[in-house]
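S.K.: The following comprises the amino acid sequence and a computationally predicted model.
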Amino acid sequence: MADNKPAILSVFGKEIELPVLTPTAGPDCLDIRKLYGQGDVFTYDPGFTSTASCESTITFIDGDKGELWYRGYPIEQLADNSNYLEVCYLLLYGELPNESQLKDFVARVTNHTMVHEQMHNFFRGFRRDAHPMATMVGVVGAMSAFYHDSTDIGDPWQREVASIRLIAKLPTIAAMAYKYSIGQPFVYPNNELDYASNFLNMCFSVPAAKYTVDPALAKAMDRIFTLHADHEQNASTSTVRLAGSSGANPFACIAAGIACLWGPAHGGANQAALEMLQEIGTVDQIPEYIRRAKDKDDPFRLMGFGHRVYKNFDPRAKVMKESADEVLDLLGIENNETLKVAKELEKIALEDEYFVERKLYPNVDFYSGIILSAMGFPTSMFTPIFALSRTVGWISQWKEMLSDPQNKIGRPRQLYVGADKRDYVPVANR
Ligand code: CMC
């Protein structure tokens, strides 16, 4: 970090020096750790719009330029030239693997794709109509009961085994959640297949018929995994870090991340975006939905638009849009009504003053749903696919946090605006 002059903050007539930390990229940070001790004041930042919660070497986003890097590599280069498991290695260990490191890593992940057989019974306790995300929150949380031998976070070996287990088993669990919800038998992983093909096979094959994974669709699936692999300190990642900061086991932490991701403002937006397009239905209905999105008395928002950090464009959306065109072309889906609505909505919103002024652009979720739906996934599977892709990011961030000597339990303070101290009144006198 560069040797900066400290910033001076004047609080109630007292000057406090705040060290200024300079990152590799992005804005400088005022180090306020000693502020309370020296000035007897807290900072107030709901939604963390101006707060860096940790130091990290994993992912960088430049919201103004629309850039996303994993360990310094631009997402576009990784999406075009790499593959998901190589990206997993990069996120987990910091560097791209050489050939033998990659081979070894792929073998380790592949060896862990099956889940404990007893987990099949555990799944059967859920209602068939449960949302696959609900099932996943429960099953991933329960992994600590099935894999107790990798829950000691003080043991680096156990941390490593838990990480590999999570990356390897999440596709199996997501596919099982899907199969269970549609009443089909679970399909065991096939370790002859690559990561993405194996996931497609577990979702779409049935014992009664032959199913061959289309390599072009597997490539598109792998790209979706890569584009979602990590995204810096977003809500679910911060949830994983906060849960992990107390020393909770990795399976519990990832289950917490999945729960947070489910919300429609976050990972749940891909399901919400496609359902919104279906609800709009026809191009002539778009103006009414645009009107509603602008109406401050109407809670409706254009799902798949806007981002807390990207204020120019979402680089993932750019790649995803290309992928969507390729997949639709491959599947011969030319212009169905949902696609027409999506294209027209995108055009109108990009030109509309309200959206332009607020820098609201289509985000990754706007296009991913179109691809996944074309591949045959129901909307309820969109967020589970996001969750399985993001698992490696959550784990990388969790591991980084645990090895950070500055790590301490996350404990925000508050601006208390409740009742002042008062005396208890017996019920008969109230
Ligand atoms: N439709 C209509 N208006 C919007 C939208 C939208 N999708 N998003 C933001 N606005 C307006 C908002 O009403 C506000 O207007 P004003 O300044 O007049 O009050 C302004 O834009 C700023 O919005 P904000 O809520 O302060 O922005 P935020 O940074 O807190 O929220 C967001 C970011 C992603 C939660 C929000 O844009 C949103 O709800 N988008 C729809 C959900 C979505 O697509 N989420 C996926 C995010 S990308 C995947 C992921 O990382 O999880």
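M.R.: Perfect, thanks for sending it. Given the structure is predicted, the values throughout are model-derived calculations rather than measurements.

S.K.: State the helix or strand in which residue 157 lies.
M.R.: Counting by DSSP states H and E, the element that carries residue 157 is helix 156-181.

S.K.: which ones are touching whichever residue of the chain sits closest to the ligand?
M.R.: Per Cβ to the nearest ligand atom, residue 306 is where the chain lies closest to the ligand, at 2.3 Å. For glycine as for every other residue, the C-beta is placed from the backbone atoms N, C-alpha and C. Shown in contact with residue 306 (Cβ atoms under 8 Å, 6 or more residues apart in numbering): 358, 360, 361, 363.

S.K.: While we're on the last one, how confident is the model there?
M.R.: Spelled out, it's residue 363. We note a pLDDT of 89 for residue 363 in this prediction.

S.K.: nearest residue to it other than its sequence neighbours?
M.R.: Distances taken as Cβ to Cβ, 6 or more residues apart in numbering put residue 314 closest to residue 363, at 4.5 Å, once the chain neighbours are dropped.

S.K.: likewise the first one?
M.R.: When the adjacent residues along the chain are set aside, residue 358 lies closest to residue 306, with 7.4 Å between them (Cβ to Cβ, 6+ apart).

S.K.: what element comes up after the helix holding residue 157 heading to the C-terminus?
M.R.: Helix 156-181 is succeeded, C-terminally, by helix 195-204 (DSSP H and E).

S.K.: Report the buried residues of the following helix or strand past that next one.
M.R.: Using DSSP H and E, the helix or strand that follows helix 195-204 in sequence is helix 215-227. Residues of helix 215-227 classed as buried by neighbour count (16 or more other Cβ atoms under 10 Å): 217, 218, 219, 220, 221, 222, 223, 224, 225, 226, 227.

S.K.: before we move on, what about stretch 129-140?
M.R.: For stretch 129-140, using 16+ other Cβ under 10 Å, the buried residues are 130, 131, 132, 133, 134, 135, 136, 137, 138, 139, 140.

S.K.: Which of the three states applies to residue 9?
M.R.: The three-state assignment at residue 9 reads strand, by DSSP: H, G, I helix; E, B strand; the rest coil.

S.K.: check contacts around the residue lying closest to it once chain neighbours are set aside.
M.R.: Excluding its sequence neighbours, the residue lying closest to residue 9 (Cβ to Cβ, 6+ apart) is residue 16, at 4.8 Å. Applying Cβ under 8 Å, 6+ apart to residue 16 gives the contacts 8, 9, 10, 35, 38, 39.

S.K.: ok, 10 Å please
M.R.: By Cβ atoms under 10 Å, 6 or more residues apart in numbering, residue 16 lies in contact with 6, 7, 8, 9, 10, 32, 34, 35, 37, 38, 39, 41.

S.K.: What is the burial count for the fifth one?
M.R.: Neighbour count for residue 10, taken as other Cβ atoms under 10 Å: 9.

S.K.: List the buried residues for the helix-or-strand element of the chain with minimal mean pLDDT?
M.R.: Here the helix or strand of the chain ranked lowest by mean pLDDT, DSSP states H and E is helix 337-351, holding a mean of 88. By 16+ other Cβ under 10 Å, the buried positions in helix 337-351 come out as 338, 339, 341, 342, 345, 346, 348, 349.

S.K.: From the contact counts, what lies against it?
M.R.: For helix 337-351, the packing partners by 3 or more Cβ pairs under 10 Å, 6 or more residues apart in numbering; DSSP states H and E come out as helix 269-280, helix 286-294, helix 315-330, helix 353-357, helix 364-375.

S.K.: angle of the first one against helix 286-294?
M.R.: For helix 269-280 against helix 286-294, the angle by axes from the mean of the first three to the mean of the last three Cα atoms, to 10 degrees is 130 degrees.

S.K.: Could you tell me the angle between whichever strand or helix holds residue 397 and helix 364-375?
M.R.: For residue 397, the element it lies in under DSSP H and E is helix 382-402. With the same axes, to 10 degrees defining the directions, helix 382-402 sits at 130 degrees from helix 364-375.

S.K.: Quickly check: helix 382-402 near the ligand or not.
M.R.: No. Figure legend: helix 382-402 not in contact with the ligand (Cβ under 6 Å from any ligand atom); closest approach 7.6 Å.

S.K.: The contacts of residue 16, buried ones only, as a PyMOL selection?
M.R.: Here is the PyMOL command that selects the buried residues among the contacts of residue 16 (16+ other Cβ under 10 Å):
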select buried, resi 9+32+35+39
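
S.K.: Put together TSV for the contacts of residue 16, with pLDDT and distance to residue 237 on each row.
M.R.: Shown next, in TSV, are these (pLDDT from 0 to 100; distance: Cβ to Cβ, whole Å):
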residue	pLDDT	distance to residue 237
6	94	30
7	96	28
8	96	33
9	96	29
10	95	35
32	96	22
34	93	26
35	95	25
37	93	28
38	93	30
39	92	30
41	96	28
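
S.K.: Out of the contacts of residue 16, flag the one nearest to residue 253.
M.R.: Using Cβ to Cβ, residue 32 is the member of those that lies nearest residue 253, at 26.2 Å.

S.K.: you'd agree that closest one is up against residue 17?
M.R.: No. If you go by Cβ atoms under 10 Å, residue 32 and residue 17 don't touch, sitting 11.2 Å apart.

S.K.: Give me the common contacts of those two.
M.R.: Both residue 32 and residue 17 are contacted by 7, 9, 38, under the criterion Cβ under 10 Å, 6+ apart.

S.K.: The last one reaches residue 12, doesn't it?
M.R.: No. Because the distance of 11.5 Å does not satisfy Cβ under 10 Å, residue 38 is recorded as not touching residue 12.

S.K.: by how many degrees do the helix or strand residue 17 falls within and strand 7-11 diverge?
M.R.: Using DSSP H and E, residue 17 sits within strand 14-18. For strand 14-18 against strand 7-11, the angle by the same axes, to 10 degrees is 150 degrees.
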